[in-house]
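Participant: fold the following, please.
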Amino acid sequence: MLRPRGGVPQGADAPPPAVAAGPLVLREHWRVLVLPAVVLFVDVGAAAFLAGIAPDRAGRTWFRLAVLCVAAVAIVRWAVLPWLRWLTTRYEVADGRLLLRTGVFRQQVRAIPLARIADLLTRQDGVVERTLGIGTLTVVPEGDREPVDLPGLPRVADVQARLWRHVDLARDAEFHAGRSASEDRWWEGG
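Facilitator: Purely as a prediction, here's the structure:
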């Protein structure tokens with residue numbers, strides 16, 4: 001048995017790879033939260049400024065309430081909802097399937113069996129994405145099913161490699177399960 005410098009055995013006696021040990025959970029890169037955070041600070045600052053320069057008359061209360069309402073709607077629309085969308089969108093590899101979970105108020109789950117994935121494509125648009133290692137992973141299922149984009153994944157090349165390992169393990173398990181079932185039928189005389 002070969003032992004590399006790290007002391008981990010390789011070859012036939014090697015334990016299964018770590019990717020098979022547990023589920024793989026992916027989420028979009030945190031950079032999608034930068035703009036909502038900027039909007040939050042700008043919106044609060046602008047609302048405070050506008051409320052502060054309100055004229056010193058009886059109508060100032062209504063003006064301040066209007067500024068507060070507009071600011072609250074803008075914060076919910078451009079800061080809170082993107083954060084909730086980021087928080088509730090997950091891509092998981094578990095139980096031999098790729099699960100795509102999306103939805104803020106109503107969760108939608110799409111499951112793609114790992115053994116039925118035909119191709120995994122990566123795309124990095126622009127220098128910033130390449131510098132940060134962010135990209136889009138496109139999952140192409142077998143058959144006539146539509147490809148699925150997983151946008152903004154951090155370390156997209158590593159994710160692609162790990163997902164390929166999961167796909168290979170799922171295909172091997174499916175192959176061996178089908179092979180043992182046919183062998184059982186042969187021994188039964190069927």
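
Participant: distance of the residue most central in space within the chain from Leu169?
Facilitator: The geometric centre of the chain, computed from its C-alpha atoms, lies nearest to Arg27 (C-alpha atoms, centre = their mean), at 3.2 Å. For Arg27, the distance to Leu169 equals 22 Å [C-beta to C-beta, to the nearest Å]. (C-beta placed from N, C-alpha, C; glycine too.)

Participant: double-check that Glu129 belongs to a strand.
Facilitator: No - judged by DSSP: H, G, I helix; E, B strand; the rest coil, Glu129 forms no part of a strand; its state is helix.

Participant: packing partners for the lengthiest helix in the chain?
Facilitator: As assigned by DSSP state H, the longest helix anywhere in the chain is helix 156-187. On a contact count with 3 or more C-beta pairs under 8 Å, 6 or more residues apart in numbering; DSSP states H and E, helix 156-187 meets strand 24-26, strand 117-123, strand 135-141.

Participant: what's next to the second one, contact-wise?
Facilitator: Meaning strand 117-123. Contacts to strand 117-123, defined as C-beta atoms under 8 Å, 6 or more residues apart in numbering, come from residues 98, 135-142, 156-157, 160, 163-164, 167.

Participant: type out the ChimeraX command that picks the buried ones from those residues.
Facilitator: Command for ChimeraX, covering only those of these found buried under the criterion 16 or more other C-beta atoms under 10 Å:
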select :98,135,136,137,138,139,141,156,160,163,167
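
Participant: out of the contacts of strand 117-123, the closest to Arg57 would be?
Facilitator: Among the contacts of strand 117-123, Thr136 lies closest to Arg57 (C-beta to C-beta), at 53.9 Å.

Participant: shouldn't the closest one be in contact with Pro154?
Facilitator: No - contact criterion C-beta atoms under 8 Å: Thr136 and Pro154 do not qualify, at 11.8 Å.

Participant: mind checking how far Ile119 is from Leu163?
Facilitator: You called it Ile, but residue 119 is Asp. Using C-beta to C-beta, Asp119 is found at 11 Å from Leu163.

Participant: dump the helices and strands packed on helix 156-187 to TSV, plus distance to Leu150.
Facilitator: TSV is the format used below for those (distance: least, C-beta to C-beta, whole Å):
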stretch	distance to Leu150
strand 24-26	7
strand 117-123	10
strand 135-141	4
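
Participant: Ala94: which of those is closest?
Facilitator: strand 24-26 (7.8 Å).

Participant: which residues sit against stretch 52-59?
Facilitator: Residues from elsewhere that reach stretch 52-59, judged by C-beta under 8 Å, 6+ apart: Arg60, Phe63, Arg64, Val67.

Participant: out of those, who's nearest Leu35?
Facilitator: The closest of the contacts of stretch 52-59, once distances to Leu35 are taken by C-beta to C-beta, is Val67, at 22.1 Å.
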